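Engineer: model the following, please.
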Amino acid sequence: MIKVGVVGAMGKMGREVIEAVCEDEELKLVCAVDKNNIDAEVCSDKDIHIIGDLKSAIEMHKPDVMVDFTQPASVFENAKICLENGVRPVIGTTGLSDEQMEVLNAMSQAKGLGCLIAPNFSTGAVLMMMFAKQAAKYFDNAEIIELHHNQKKDAPSGTAIKTALMMSESGKLTFTGGNCEETETIKGARGGKSYSDIHIHSVRMPGYIASQEVLFGASGQIFSIRHDSMDRKCYMDGVKLAIKYVAQHNNFVYGLEKIM
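Structural biologist: Got it, this is the predicted structure:
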């Protein structure tokens with residue numbers, strides 16, 4: 001039985017993780033952490049109440065794995081606290097910098113603890129990213145449009161950044177082949193440039209949960225790959241897969257596709 005804690009337990013994703021963990025016979029929810037609604041009950045049949053401090057929760061309940069769906073401002077410190085105290089983090093919060101991930105990678109190796117960071121836990125979204133990586137070999141032009149709810153704080157999304165990184169691994173230096181010299185009359189109109197000059201456009205709108213479209217272009221054709229999340233439950237199979245993986249492995253992993 002894998003003992004699991006959830007950070008950001010009162011958020012929309014945190015609540016879904018708690019429900020998924022409680023329904024899985026291989027997992028046991030032992031603690032829930034959130035800065036809000038301290039002492040609130042989250043799982044009556046298991047007598048789990050909200051704890052406001054992550055380190056205190058770890059010391060009291062000794063989880064094997066801690067799942068983090070909090071905020072970009074707190075996820076890095078949360079992950080360090082987990083690794084420093086012998087707990088394996090599964091991180092779904094986006095916004096970590098490359099430098100911060102390098103630090104967590106080094107800590108994971110030094111401590112001999114598994115650590116998994118996934119910009120997206122939806123198996124469909126991960127397949128979309130994998131297909132985009134394959135398509136990148138055959139197109140010289142590509143852009144990404146990502147669409148999320150208007151309470152998402154970071155832009156572009158971690159999924160879009162990870163997709164661009166995977167596409168850049170095709171070896172192409174740029175995906176703006178043949179484009180004319182451009183002038184933006186409104187700054188940012190062409191989106192932000194990421195790996196290999198891939199432009200990423202971020203939309204924030206009530207009604208969306210998470211969607212992404214990768215557009216490829218060539219003379220006489222457009223090829224698009226799109227994924228839409230309509231319910232947060234679509235992430236839970238990936239979350240449970242990640243929990244079970246880090247409980248049994250001691251390596252650092254960035255991206256759910258590495259364990260699918």
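Engineer: ok but Asn36 is inside a helix, no?
Structural biologist: No - the assignment for Asn36, made by DSSP: H, G, I helix; E, B strand; the rest coil, is coil rather than a helix.
Engineer: give the contact list for it.
Structural biologist: Listed by C-beta atoms under 8 Å, 6 or more residues apart in numbering, the contact set of Asn36 reads Met10, Ile50. No exception for glycine: its C-beta is placed from N, CA and C like everyone else's.
Engineer: just the pLDDT for Ile48.
Structural biologist: pLDDT for Ile48: 86.
Engineer: brain fart, Pro72
Structural biologist: pLDDT, Pro72: 89.
Engineer: not counting sequence-adjacent ones, nearest residue to it?
Structural biologist: Spatially, and ignoring its direct neighbours in sequence, Pro72 is nearest to Gly95 (2.7 Å; C-beta to C-beta, 6 or more residues apart in numbering).
Engineer: so where's this protein shaky on pLDDT?
Structural biologist: Applying pLDDT under 70 to the chain flags residues 43-46.
Engineer: rerun that using 80 as the cut-off
Structural biologist: 37-41, 43-47 (pLDDT under 80).
Engineer: where do the helices of it begin and end?
Structural biologist: 12-23, 54-61, 72-84, 98-111, 123-135, 158-168, 236-248 (DSSP state H).
Engineer: pull out the buried residues from the second one.
Structural biologist: Along helix 54-61, the positions that meet the burial threshold by neighbour count (16 or more other C-beta atoms under 10 Å) are Leu54, Ala57, Ile58, His61.
Engineer: ditto for the fifth one
Structural biologist: Neighbour counts over helix 123-135 (16+ other C-beta under 10 Å) mark Thr123, Ala125, Val126, Met128, Met129, Met130, Ala132, Lys133, Ala135 as buried.
Engineer: which other helices and strands does that helix contact?
Structural biologist: helix 158-168, strand 210-218, strand 221-229, helix 236-248 (3 or more C-beta pairs under 8 Å, 6 or more residues apart in numbering; DSSP states H and E).
Engineer: residues touching Val30, list them.
Structural biologist: Val30 makes contact with Lys3, Val4, Gly5, Ile48, His61, Lys62, Pro63 under the criterion C-beta under 8 Å, 6+ apart.
Engineer: top of those by neighbour count?
Structural biologist: Among the contacts of Val30, Val4 has the most neighbours (other C-beta atoms under 10 Å), with 29 neighbours.
Engineer: for that residue, name its beta-bridge partners.
Structural biologist: Taking DSSP bridges, one finds Leu29, Val65 as the beta-bridge partners of Val4.
Engineer: now do Ser229
Structural biologist: Ala210.
Engineer: can you tell me how far it is from Gly124?
Structural biologist: Relative to Gly124, Ser229 is positioned 8 Å away (C-beta to C-beta, to the nearest Å).
Engineer: so who does the most centrally placed residue in the chain touch?
Structural biologist: Residue closest to the mean C-alpha point of the chain, counted by C-alpha atoms, centre = their mean, is Pro119 at 2.2 Å. Each residue near Pro119 by C-beta under 8 Å, 6+ apart is listed here: Thr94, Ser157, Gly158, Thr159, Ile161, Lys162, Gly255.
Engineer: what's the answer for Val17, then?
Structural biologist: Val6, Ala9, Val67, Phe69, Met236, Val239.
Engineer: looking at those, which one is closest to Ala189?
Structural biologist: The nearest member of those to Ala189, counting by C-beta to C-beta, is Phe69 at 32.3 Å.
Engineer: now the closest one. Nearest residue, chain neighbours left out?
Structural biologist: Met13 (3.9 Å).
Engineer: since we're on the one you found, how many residues are nearby?
Structural biologist: The number of residues packed near Met13 is 21, by other C-beta under 10 Å.
Engineer: sorry, back to before: to Gln151, which of the helices and strands packed on helix 123-135 lies closest?
Structural biologist: strand 210-218 (11.8 Å).
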